[in-house]
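S.K.: Sequence first, then the predicted structure:
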Number of protein chains: 2
Amino acid sequence: MTTLDLTTDAVSLTEQLVNIESVSLDEQTIADAVEAALRGLGHLDVVRRGNNIVARTDLGHAERVVIAGHLDTVPVNDNLPARREGAILHGLGTCDMKGGDAVILRIAATVPKPNRDLTLIFYDAEEIAAEHNGLRKLAETDPDLLAADFAILMEPSNAGVEAGCQGTLRVAVRTTGERAHTARAWRGSNAIHKAGAVLRRLEDYQPRKPVIDGLEYHEGLNAVFVRGGVAGNVLPDECVVEVNYRFAPDYSEADAEAYVREFFEGYDVTLTDSAPGALPGLDVPAAKAFVDLVGGEVNPKFGWTDVARFSALGIPAVNFGPGDPMFAHKQEEHVPVEHIERCEAVLTRWLTS
Amino acid sequence: MTTLDLTTDAVSLTEQLVNIESVSLDEQTIADAVEAALRGLGHLDVVRRGNNIVARTDLGHAERVVIAGHLDTVPVNDNLPARREGAILHGLGTCDMKGGDAVILRIAATVPKPNRDLTLIFYDAEEIAAEHNGLRKLAETDPDLLAADFAILMEPSNAGVEAGCQGTLRVAVRTTGERAHTARAWRGSNAIHKAGAVLRRLEDYQPRKPVIDGLEYHEGLNAVFVRGGVAGNVLPDECVVEVNYRFAPDYSEADAEAYVREFFEGYDVTLTDSAPGALPGLDVPAAKAFVDLVGGEVNPKFGWTDVARFSALGIPAVNFGPGDPMFAHKQEEHVPVEHIERCEAVLTRWLTS
């Protein structure tokens, strides 16, 4: 079995984790290594569910916080093994999010008596369809294991705090017409032409930018697919524009759906996918203390992350991990060494001061 | 070998032809039967090229006319054998265009001494890609065999004269943008949204309706396909609208391309396909005589047909065949018996009066 050395620095530990290939649904090796390393520490109560591992202190503190990271990566793209070049560590998963996992493991190893009870979570299958998501499964089968006052998700956020997350939904906007031979177009009506007004409406869209807990979110409404057509000589009788709405967390999924339906009033709109946002929830004491420690600077999270799953359980959550999310899922994925070190230092200070 | 009885009436002969299955590229059986029947008549000079048959009189007349029909059909769609119900003959190819082929065979058999020299052409593979088209091949390999003053193509036209044909071309109109995550849409630009203006321009299009030789053509400019999209959470960086322009025969292919390029000025336009129209050419004596005989009523042909191939050889050509083209290529294909009889009567009168 691959073993992890939790006594090395977090950057070397990131390198070790990166070199254990763990594409979604193939996380057993890395989960075995993480489980063994956590059990080896002796002071944590370790539970395993599939390839999900939960390690907890039980020191009787009034406050309990979750620190969580996923173990899987997107597919390998000629970017393994890890390669360190000066202040940068390159390779698949360095940014998303084994740098963060390494930080959690270092906290587990170096902070045996934290000032708040800790629930450390490593989970699988974050990079693929939600049905596989390990955190989603844990929330369903073992909600008690996840219970906490505050959660930190180690999603890449440039080693800064990105609070909450925007929700996302998708709708299909359909226009219909009547088929006819293009040589006698006046006998039919062209569904693709009608989609022109739908796209123009999107082009004129002005995003909401609500300020929540002092953070300015920034919504988006975008066509992500368009398709229509029957044959090269036939007037098309259907055109479908798929639209993705990214909505600020002051809107529920129902609010967001109502907004989109009103926006496309007069059109046939079908909801195809929806996930709620997460409010920043920075007013709970554990969150306040954490934000103060980081220096008070907090940004809104525009993308959707698993913080929404904690939010759905009533647990305020923030993103706080090493790496620039712009490089996640790219071949040139990498993480600044300094990000890993800063995240470790901040968490250590927060849990020991 | 299947034999054809040219002494029966044209409707029964249509039925015989329909019952010889001849989907494109599988025309040998029907071509064998047609060749044998024509050779059996004795008064025609018969030449065969592949499954294309040309049968000519050589009576020394000053005027020579072509009468042509294709032998193939679109694929069988549970619509064989032929089935006669009162005044209607049902089945694959009844309309497009074995009713017309039967009329040509009857003319061959019953008008041994026409008042104009005749070139009767039966050809293959009209219903598929132009590279296979038998008439196209004959025009290339044996242009002398096709030489004539006027041509009649037995394409279904409700047993009336439809003169010339509109041309057709296709262009791809491309819009481009810049990819970005939909949660941070302001970092990119959406190519699908930009296509909205392209579609709106198409929606506002006003067709040209030029009058040529007294016939009003009716153009059309239609999106036939639209596609764009990368992933459900990515701003698309490309959108392609495929547009089909049906243009009146006063426009050359170059005119038509220039028209479309000007229409979509400001956009990236690629020509993907083009075929010229055919001018009605009703001013030649043979055409005039024919039109007078039919009763002087002539309509423009909106769809593209092989008359354009004759036109390209400098031979004025009209469509004149039994059947409503709206039923061509449909499972419920059929032809009114009266159409077949009228076409045969008109041609006989024209060639004997």
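M.R.: That came in fine, so what should we check first?

S.K.: Show the pLDDT at the most centrally placed residue in chain A.
M.R.: By Cα atoms, centre = their mean, chain A has its centre lying nearest to residue A:305, at 2.4 Å. The model reports residue A:305 with a pLDDT of 93.

S.K.: count of neighbours near whichever residue of the stretch 1-150 of chain A sits closest to chain B?
M.R.: For the stretch 1-150 of chain A and chain B, the shortest gap (Cβ to the nearest Cβ) falls at residue A:129, measuring 11.3 Å. Placement of C-beta: from N, CA and C, glycine included. For residue A:129, the neighbour count with other Cβ atoms under 10 Å in any protein chain shown is 8.

S.K.: Any chance of the backbone angles for it?
M.R.: Phi and psi for residue A:129, reported as degrees, to the nearest 10, are phi -50, psi 140.

S.K.: That one: what's it in contact with?
M.R.: Residues near residue A:129 by Cβ atoms under 8 Å, 6 or more residues apart in numbering or on different chains: none.

S.K.: for residue A:334, same thing?
M.R.: Shown in contact with residue A:334 (Cβ under 8 Å, 6+ apart): A:88, A:89, A:90, A:91, A:94, A:95, A:323, A:327.

S.K.: The first one and residue A:333 touch, don't they?
M.R.: No: in this structure, residue A:88 sits apart from residue A:333 without contact. The criterion is Cβ atoms under 8 Å, and the distance is 10.7 Å.

S.K.: Pick out whichever of those two has more residues nearby.
M.R.: Neighbour count, other Cβ under 10 Å: between residue A:88 and residue A:333, residue A:333 has more, with 24 against 14.

S.K.: ok, that one touching residue A:325?
M.R.: No: using Cβ under 8 Å, residue A:333 makes no contact with residue A:325, being 10.6 Å away.

S.K.: hey, what's in contact with both of these two?
M.R.: Contacts common to residue A:333 and residue A:325, judged by Cβ under 8 Å, 6+ apart, are A:95, A:96.

S.K.: May I see the buried residues of the top helix by length along chain A?
M.R.: In chain A, assigned by DSSP state H, the helix with the most residues is helix A:337-352. Of the residues in helix A:337-352, A:337, A:339, A:340, A:341, A:342, A:343, A:344, A:346, A:347, A:348, A:350, A:351 count as buried by neighbour count, 16 or more other Cβ atoms under 10 Å in any protein chain shown.

S.K.: In PDB, list the C-alpha atoms belonging to it.
M.R.: C-alpha atoms of helix A:337-352 as PDB (Å, rounded to 0.1, in the frame of the first residue of the first chain):
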ATOM      1  CA  VAL A 337       3.800  26.800  -3.100                       C
ATOM      2  CA  GLU A 338       3.100  30.000  -1.100                       C
ATOM      3  CA  HIS A 339      -0.700  29.300  -1.300                       C
ATOM      4  CA  ILE A 340      -0.300  25.900   0.300                       C
ATOM      5  CA  GLU A 341       2.000  27.300   3.000                       C
ATOM      6  CA  ARG A 342      -0.400  30.300   3.700                       C
ATOM      7  CA  CYS A 343      -3.500  28.000   4.000                       C
ATOM      8  CA  GLU A 344      -1.700  25.700   6.400                       C
ATOM      9  CA  ALA A 345      -0.400  28.700   8.500                       C
ATOM     10  CA  VAL A 346      -3.900  30.400   8.700                       C
ATOM     11  CA  LEU A 347      -5.700  27.200   9.700                       C
ATOM     12  CA  THR A 348      -3.100  26.300  12.300                       C
ATOM     13  CA  ARG A 349      -3.300  29.800  13.800                       C
ATOM     14  CA  TRP A 350      -7.100  29.700  13.800                       C
ATOM     15  CA  LEU A 351      -7.200  26.300  15.500                       C
ATOM     16  CA  THR A 352      -4.500  27.000  18.100                       C
END
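
S.K.: which residues are in contact with it?
M.R.: Outside helix A:337-352, the residues touching it (Cβ under 8 Å, 6+ apart) are A:10-11, A:14, A:67, A:84, A:87-89, A:99-100, A:102-103, A:106-107, A:110-111, A:114-116, A:118, A:152, A:154, A:158-159, A:289-290, A:293-294, A:320-323.

S.K.: Just the buried ones from the residues you listed, in PyMOL syntax?
M.R.: With 16+ other Cβ under 10 Å as the criterion, this PyMOL line picks the buried residues out of those:
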select buried, chain A and resi 10+11+14+67+84+89+99+100+102+103+106+107+110+111+114+116+118+152+154+158+159+289+290+294+320+321+322+323
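
S.K.: Could you list which of the contacts of helix A:337-352 belong to strands?
M.R.: Secondary structure defined by DSSP state E assigns A:67, A:84, A:88, A:89, A:118, A:152 of these to strands.

S.K.: Name the residues linked to the second one by a beta bridge.
M.R.: For residue A:84, the beta-bridge partners are residue A:89 (DSSP bridges).

S.K.: residue contacts, it?
M.R.: With Cβ under 8 Å, 6+ apart as the criterion, the residues that contact residue A:84 are A:11, A:15, A:90, A:337.

S.K.: How much space separates the last one from chain B?
M.R.: Between residue A:337 and chain B the distance is 25 Å, computed by Cβ to the nearest Cβ, to the nearest Å.

S.K.: Go ahead and name everything in contact with the least confident helix or strand in chain A by mean pLDDT.
M.R.: In chain A, the helix or strand scored least confidently by mean pLDDT, DSSP states H and E is helix A:285-294, which has a mean of 87. The contact list for helix A:285-294 (Cβ under 8 Å, 6+ apart) reads A:63, A:65, A:116, A:149-150, A:152, A:160-161, A:281-282, A:298, A:316, A:318, A:320, A:346, A:349-350, A:353.

S.K.: 10 Å - rerun?
M.R.: Contact with helix A:285-294 is made by A:62-65, A:115-116, A:148-152, A:159-161, A:163, A:213, A:280-282, A:284, A:296-298, A:316-318, A:320, A:342-343, A:346-347, A:349-351, A:353, as judged by Cβ atoms under 10 Å, 6 or more residues apart in numbering or on different chains.

S.K.: How far does stretch A:43-54 sit from its chain's centre?
M.R.: Using Cα atoms, centre = their mean, to the nearest Å, the mean C-alpha position of stretch A:43-54 is found 21 Å from that of the whole chain.

S.K.: That stretch: end-to-end distance?
M.R.: The first and last residues of stretch A:43-54 sit 13 Å apart, counting by Cα to Cα, to the nearest Å.

S.K.: Going by neighbour count, which residues of it are buried?
M.R.: For stretch A:43-54, by 16+ other Cβ under 10 Å, it's A:44, A:46, A:48, A:51, A:52, A:53, A:54.

S.K.: OK, contacts around residue A:103?
M.R.: Contacts for residue A:103 (Cβ under 10 Å, 6+ apart) come out as A:10, A:13-14, A:67, A:69, A:97, A:152, A:154, A:159, A:320-322, A:339-348.

S.K.: Can you show me the helices along chain A?
M.R.: Under DSSP H, chain A gives helices at A:10-18, A:28-41, A:99-110, A:134-141, A:143-146, A:191-203, A:253-263, A:285-294, A:307-312, A:337-352.

S.K.: now, of those, which is deepest in the fold?
M.R.: For those, average neighbour numbers computed from mean count of other Cβ atoms under 10 Å in any protein chain shown are highest in helix A:99-110, which has a mean of 27.

S.K.: CA atoms only for that one - export them in CSV, please.
M.R.: Output in CSV follows, covering the C-alpha atoms of helix A:99-110 (Å, rounded to 0.1, in the frame of the first residue of the first chain):
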residue,chain,number,x,y,z
GLY,A,99,-2.9,21.0,-2.1
GLY,A,100,-5.9,21.5,0.1
ASP,A,101,-6.0,17.9,1.0
ALA,A,102,-2.4,18.1,2.1
VAL,A,103,-3.2,21.0,4.3
ILE,A,104,-6.0,19.1,6.0
LEU,A,105,-3.6,16.2,6.6
ARG,A,106,-1.0,18.5,8.0
ILE,A,107,-3.6,20.0,10.4
ALA,A,108,-4.6,16.5,11.4
ALA,A,109,-1.0,15.6,12.2
THR,A,110,0.2,18.8,13.8
